[in-house]
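Undergrad: how would this look folded up:
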Amino acid sequence: MGKMKRVNPDFADLVFRVLFCLIFIALGGEHIVKDDLIQKLMPAWVPWPKLVSILCGLVLLLGGSLIALGYKLRFAALLLGSFLVVVTALVHGPALTATPEFITSENEWLWQILQRSNYVKNICLLGVCLLLMNYSPGKWSLQYRLQQRNSQSKD
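TA: Purely as a prediction, here's the structure:
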């Protein structure tokens, strides 16, 4: 067998960051533009659901965009990681044991699958956020470009 050719690390970094942040950017947009379903799935105790949805959307868009750009990764990872901890602990965790009134008994299994998959997905995303807190983006990132520009201006 021949040697497998390695993927360019800078290209892999860019693809990783873009693919990882797509979920945050898409959900952030949904929270802001069309959040009917999101509000319906929110626990009843959440005050001002529309405002909470918009604020969550802004957090998701900001964190996802920063990661896609490869800029301020530690801040973005901390922001998104904190969001994931709160949402997982306060929304998806309790929803594993409680079914809202609007879910019929014949559809309760679907609710359980939705909540379990969201719970596990969030834990996986949190793991990547922890990794990103100590991650340096490659050459195809805004952070790298700004560092290059700053080092050239000092010369």
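
Undergrad: same question for stretch 29-48, mean pLDDT?
TA: Mean pLDDT, computed over stretch 29-48, is 88.

Undergrad: ok now that stretch, how far from the chain's centre?
TA: In terms of CA atoms, centre = their mean, to the nearest Å, the centre of stretch 29-48 is found 17 Å from the chain centre.

Undergrad: use 438 as the first number for this chain going forward.
TA: That works, and once the first residue is 438, the last one we named lands at stretch 466-485.

Undergrad: show me what contacts the residue nearest the centre of the chain?
TA: With distances taken as CA atoms, centre = their mean, the residue of the chain nearest its centroid is residue 461 (3.8 Å). Residue 461 makes contacts with 497, 498, 500, 501, 504, 517, as judged by CB atoms under 8 Å, 6 or more residues apart in numbering. Glycine gets a C-beta too; all of them are placed from N, C-alpha and C.

Undergrad: which of these lies closest to residue 543?
TA: The nearest member of the contacts of residue 461 to residue 543, counting by CB to CB, is residue 497 at 32.4 Å.

Undergrad: returning to that earlier point: which one of the contacts of residue 461 is nearest to residue 510?
TA: Nearest to residue 510 among these, with distances taken as CB to CB, is residue 504, at 6.4 Å.

Undergrad: give me the neighbour count for the closest one.
TA: 29 (other CB atoms under 10 Å).
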